[in-house]
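In: take a look and give me a structure for this.
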Amino acid sequence: MPFPMQIMALGYVVAALTALVLLISIRFLYVVHRSGKLLHGKSQRSYSTLIVLGSGGHTAEMLNLLSVLEKDRFAPRFYIAAATDNMSLQKARLMEDSMSDAAGVKVGKTAKYLQIYRSREVGQSYVTSVWTTLVATTHALYLMIQLRPEVILCNGPGTCIPLCAIAFLFKVLGIRWSSIFYMESIARVKRLSLSGLLLYKLRVADQFFVQWPQLQRKYPRAEYVGCLM
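Out: I've put the predicted structure just below:
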C-alpha cells in the first residue's frame with residue numbers, strides 16, 4: 001500500500017475511534033443525568049430486583065430495610081451473597097418464608113437465592129487477589145446476563161462492586177437499565193465505606209443514601225434518610 005494510502009487509512013481509524021469515544025462519553029453523561037428516574041411516575045408494575053447481602057451487620061440492615069419494602073412492586077427478588085457466606089441467604093430465606101400477603105399466599109415464592117465468588121477474602125494477599133478478582137468479575141458478568149435485574153439494592157459489602165460496575169456498563173452500552181440504590185451502613189458515621197466511596201465518586205449509584213446528617217454534609221449528592229435500624 002502506498003504511503004499516502006496508509007496515512008489515509010490511519011486517519012479513518014483515528015476518526016472512527018474518536019467518534020466511538022465521543023458517543024460513549026455522551027452516553028455516559030446521559031446515564032448520569034438520568035440516574036434515579038426509572039421508578040418515578042405512576043407506573044405500578046413490578047421490577048425484578050437484585051439484593052446484595054453481606055456477612056454480619058450488612059445483612060441485618062438490609063433485611064430490616066426489606067421488611068418495609070413493597071414486595072409486590074419489587075419482584076421477583078434475587079438474593080445474592082458471597083460463596084463463603086453461609087448465613088446471609090439462610091436469613092433471607094427465613095424472612096421470605098415468614099411473609100404472606102393479605103390472602104395468606106406466601107410472598108417468598110417469588111424469591112431466588114444465589115452465591116457469587118468474592119474478589120478478596122479478609123487477609124488475602126493483594127497478589128493472589130488479582131486472580132480471584134478476575135474470577136469474581138467473570139462470575140458477576142454471568143449472573144448479570146442471566147438475571148438482568150431492573151433494580152439493585154446494596155448497602156456496603158464488597159460483593160456489590162463488580163455487580164454494580166457491570167450494571168453501570170450495561171447502561172452505558174444500552175444493553176440493560178438497572179437502577180442502583182445504595183444505602184450506606186449505619187456504622188459509617190464520619191466517612192463512607194470503600195464500597196460506598198467507589199460508587200459515590202464514580203457516580204455508579206443512581207441514588208445514594210446515608211443515615212447520618214454529617215455524612216450528607218460531607219457528601220452532598222447523598223440523601224439523608226435518618227437511622228433505619
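In: surely Ile166 and Gln146 touch.
Out: No - the pair Ile166 and Gln146 does not pass the contact test of Cβ atoms under 8 Å, sitting 11.7 Å apart. Quick note: C-beta positions are derived from backbone N, CA and C, even for glycine.
In: and the two? Which one has more around it.
Out: Between Ile166 and Gln146, counting by other Cβ atoms under 10 Å, Ile166 is the more crowded of the two (20 against 9).
In: now do the contacts for the more buried one.
Out: Residues in contact with Ile166 (Cβ atoms under 8 Å, 6 or more residues apart in numbering) are Thr137, Ala140, Leu141, Met144.
In: could these be laid out in a markdown table, adding pLDDT?
Out: As requested, these are exported to a markdown table (pLDDT from 0 to 100):
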| residue | pLDDT |
| --- | --- |
| Thr137 | 90 |
| Ala140 | 94 |
| Leu141 | 95 |
| Met144 | 96 |
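In: of these, which is the nearest to Tyr47?
Out: Using Cβ to Cβ, Met144 comes nearest to Tyr47 of the contacts of Ile166, at 15.4 Å.
In: surely that closest one is in contact with Leu163?
Out: Yes - between Met144 and Leu163 there is a contact at 6.5 Å, judged by Cβ under 8 Å.
In: is Met183 bridged to anything, and to what?
Out: On the basis of DSSP bridges, Met183 is bridged to Phe209.
In: show the model's pLDDT score for it.
Out: pLDDT recorded at Met183 is 96.
In: Ile152 is in contact with that one, correct?
Out: No - between Met183 and Ile152 there is no contact under Cβ under 8 Å: 11.5 Å.
In: buried sites along the helix or strand bottoming out on mean pLDDT in the chain?
Out: Using mean pLDDT, DSSP states H and E, the weakest-scoring helix or strand in the chain turns out to be helix 3-34, at a mean of 74. Residues of helix 3-34 classed as buried by neighbour count (16 or more other Cβ atoms under 10 Å): Val31.
In: try stretch 145-163
Out: Of all the residues in stretch 145-163, those buried under the rule 16+ other Cβ under 10 Å are 147, 149-163.
In: return that stretch as PDB; C-alpha atoms alone will do.
Out: This file holds the C-alpha atoms of stretch 145-163, laid out as PDB (Å, rounded to 0.1, in the frame of the first residue of the first chain):
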ATOM      1  CA  ILE A 145     -26.600 -11.600  32.000                       C
ATOM      2  CA  GLN A 146     -28.600 -14.300  33.400                       C
ATOM      3  CA  LEU A 147     -30.700 -12.300  35.900                       C
ATOM      4  CA  ARG A 148     -31.000  -8.900  34.100                       C
ATOM      5  CA  PRO A 149     -32.300  -7.100  37.100                       C
ATOM      6  CA  GLU A 150     -34.100  -3.700  36.800                       C
ATOM      7  CA  VAL A 151     -33.300  -2.700  40.400                       C
ATOM      8  CA  ILE A 152     -30.200  -3.400  42.500                       C
ATOM      9  CA  LEU A 153     -30.200  -2.800  46.300                       C
ATOM     10  CA  CYS A 154     -26.900  -2.900  48.200                       C
ATOM     11  CA  ASN A 155     -25.500  -1.500  51.400                       C
ATOM     12  CA  GLY A 156     -21.800  -1.900  51.500                       C
ATOM     13  CA  PRO A 157     -20.400  -5.500  51.100                       C
ATOM     14  CA  GLY A 158     -17.500  -5.600  48.600                       C
ATOM     15  CA  THR A 159     -19.500  -8.200  46.700                       C
ATOM     16  CA  CYS A 160     -21.700  -5.500  45.300                       C
ATOM     17  CA  ILE A 161     -18.800  -3.700  43.400                       C
ATOM     18  CA  PRO A 162     -18.400  -6.000  40.400                       C
ATOM     19  CA  LEU A 163     -22.200  -6.400  40.100                       C
END
